[in-house]
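**Q** This is the structure alone, sequence omitted:
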């Protein structure tokens, strides 16, 4: 009864303001709590940035390492190509017509004269054929390994879906139908 | 008081921290606002961000018909200067002159060039050997150890000097076949012969690529494909032997030059093309010294000459094939024949009396052949010569071929008299290969095969043989056999120096006067011989040409013995048994 009488004595608007103020005070954060939240947000941002930087650095380092590896491999391939060419040429240089003739002469051979030549019939002898250094381009190539591999290992997802779509759903049922 | 001091310090620090960013910002704005400066800065950055890399693609190898390497590759080093990195031009010049034998002043001048986007790298030599590079490394170590550094204003430095591996062409057989192969210069470009004709097939164009120093950009490095290998129709042993024979013949006869062409008439394959004036293509820089102006690299395809009497075989073939004459047709040789206001005489200015066609060929009678040409008629005669390919390119797969010249009715410089003179090989110009290709029709049942020197190509791991290509059928098979028989009998009847024991061959000598600007005033001649065999199954065709022999002007004296020597070697190297052995085998 006493409270009701006091409320009647003051302005109702003031009463509302007081109530709102009380409510605000009741739900407001403590300053230390706000500070922690801010620190938390900043930390989250920093951690996110650090993670991004880490991912960038990691990928960058990996790609750099791979780049260097490509360079090294390229260099090795070039080196091998050069070595192959050098070896072929060295072989050619030690088997030139002049060198072979000189070696033959050293071993006591000489060029045969026409009048010294005797031709005899040798059964099953075939005359020397010009060199074949690589398979003929016109010959069919050897069957590729790929042809024996099941489709599942080589086809794309879309190709698989397309193949499945064309496959009868109930092949056994279809087969037993009269 | 203390507070005031602190305040001054803080103010000073604040000013510094404010002014420096403002200056940096100002500079950034200045650079951004000035396009010239921006370009300069970018260009300057580019100088260090990329390095040039000259790529000369691995050139395909060239083999002879048995797989022997005629042209291969070997490793050498390119030494060059990256101008932006040079610190001491003197040290570089000294090192290059001592180790690589380069000119000190030239190297120094190059090293002192100012770097710019257009002037980044300069090549000093492209042919440094492994030994020189090893020596260079040893000396570089010494320079680095001996550098006094700080005290010296301009300490010794080899910065900017670098070397890179590259492949260069090498010809193991040296001079053998050099006129057919051609050569490759330091930039990897083929000149003459097969190297020039198949340049784009043997190797891609040399390129300079800019390699990034940033490994992230490596995906931009292009892949340069290697070239195709070629297998030729040549036999290196036969080629070497033919070159030896022609060298000896030129020396023995005091001739200016000489050539031998050996063809397989059934396929058109060139078994050998030997010429004098050859050089070692490994030393390509000597080209100007060895081949001064006017000297042909390969005269068999690039030097046309008046063939003289060897040309009579084409006139006689045209006469026989057209039906204008038969082998037994008789002709009364009075020693002179007038055509178009010009009187034609025989080589000895004599009258040979009644002759059949074999007699005309055997005695090489100009008068008789001029008469045959008139019997054939100008239109028909030149039609035959066109089908023989005279005055046209054979299309041989070597660079530098010329077509020669055949004047025809309708040309501004053709006169009626030309029909008579052309009939015995005067007033017409042909290359040795043209003559051989045209005559191959007589050794191949009337069919002319396209002469070629490349048999197969190896590309992407597969060998592909080039198809044989007929050039035409100028005469019937019967005509070819008749003419061959006539020529074989002619040689046998006159006991020619071209005859070979055990092998029947057909052929014709040639002695051609050499035209000068004042007419045929020179006493010197072109002596030649064209022949093929064995007559019953021709397997080779040989053309011999000696330019201006001194011992004798006559083809029958100087060229015929060379033909004999060539065939004696050929039958052994090509495994061709004597006629009686072969016929016995065929009989079995």
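**A** That came through, no problem. Computed from a predicted model, the values in this text were never measured in an experiment. Numbers count the residues shown, from 1 in each chain, chains lettered A, B, ... in the order given.
**Q** which residues sit in contact with residue B:494?
**A** By CB atoms under 8 Å, 6 or more residues apart in numbering or on different chains, the contact set of residue B:494 is residue B:362. C-betas here are computed from N, CA, C, even on glycine.
**Q** That one and residue B:542, how far apart?
**A** 19 Å (CB to CB, to the nearest Å).
**Q** burial count for residue 21?
**A** Looking at chain A here, since you left the chain open. 10 (other CB atoms under 10 Å in any protein chain shown).
**Q** right idea, wrong chain: chain B
**A** 10.
**Q** And the pLDDT at it?
**A** Confidence at residue B:21, expressed as pLDDT, is 90.
**Q** Which strand or helix spans it?
**A** Assigned by DSSP states H and E, residue B:21 falls within helix B:2-33.
**Q** Can you read off the pLDDT for the residue in chain A that chain B sits nearest to?
**A** Nearest residue of chain A to chain B, counting by CB to the nearest CB: residue A:67, 2.9 Å away. Residue A:67 is assigned 80 on the pLDDT scale.
**Q** low-scoring stretches of the stretch 51-200 of chain B, by residue?
**A** B:52-54, B:56, B:146-153 (pLDDT under 70).
**Q** about what we covered before: quick one: list the elements packing against the helix or strand harbouring the residue of chain A closest to chain B.
**A** Per DSSP H and E, residue A:67 falls inside helix A:31-93. Helix A:31-93 sits against strand B:69-82, strand B:161-170, with contacts defined as 3 or more CB pairs under 8 Å, 6 or more residues apart in numbering or on different chains; DSSP states H and E.
**Q** Which one, of these, ends up nearest to residue B:394?
**A** strand B:69-82 (21.8 Å; CB to CB).
**Q** Downstream of the helix holding residue B:21, the next helix or strand is which one?
**A** helix B:35-49.
**Q** Can you name every helix or strand that that next one contacts?
**A** helix B:2-33.
**Q** Now do the helix holding residue B:21 against helix B:35-49, angle only.
**A** Going by axes from the mean of the first three to the mean of the last three CA atoms, to 10 degrees, helix B:2-33 is angled at 90 degrees with respect to helix B:35-49.
**Q** give me every residue that touches the closest residue to chain A within the stretch 251-400 of chain B.
**A** Of all residues in the stretch 251-400 of chain B, residue B:269 sits closest to chain A, at 9.3 Å by CB to the nearest CB. Applying CB under 8 Å, 6+ apart to residue B:269 gives the contacts B:233, B:263, B:451, B:452, B:453, B:455.
**Q** Looking at these, spot the one nearest residue A:54.
**A** Using CB to CB, those come closest to residue A:54 at residue B:455, 63.1 Å.
**Q** That closest one falls within a helix, correct?
**A** No. The assignment for residue B:455, made by DSSP: H, G, I helix; E, B strand; the rest coil, is strand rather than a helix.
**Q** what's the burial count for it?
**A** Counted with other CB under 10 Å, residue B:455 comes out at 22.
**Q** That one contacts residue B:66, doesn't it?
**A** No. Between residue B:455 and residue B:66 there is no contact under CB atoms under 8 Å: 11.0 Å.
**Q** hey, what's in contact with both of these two?
**A** Joint contacts of residue B:455 and residue B:66 (CB under 8 Å, 6+ apart) are residue A:130.
**Q** Name the SS class of residue A:131, please.
**A** Residue A:131 ends up coil, using three-state DSSP.
**Q** Please report the distance of it from residue B:230.
**A** 12 Å.
**Q** Name the residues contacting each of those two.
**A** By CB under 8 Å, 6+ apart, the residues touching both residue A:131 and residue B:230 are residue B:63.
**Q** Compare those two (neighbour count), which wins?
**A** The residue with more neighbours, out of residue A:131 and residue B:230, is residue B:230; 27 against 16, by other CB under 10 Å.
**Q** Okay, and the beta partners of the more buried one?
**A** residue B:62, residue B:457 (DSSP bridges).
**Q** Pretty sure residue B:64 is one of the things it touches, is it not?
**A** No. Contact criterion CB under 8 Å: residue B:230 and residue B:64 do not qualify, at 10.3 Å.
**Q** Next, show the common contact partners of the two.
**A** Contacts common to residue B:230 and residue B:64, judged by CB under 8 Å, 6+ apart, are absent.
**Q** okay, which residue is most central for chain A?
**A** Taking CA atoms, centre = their mean, the centroid of chain A lies closest to residue A:66, which sits 11.0 Å from it.
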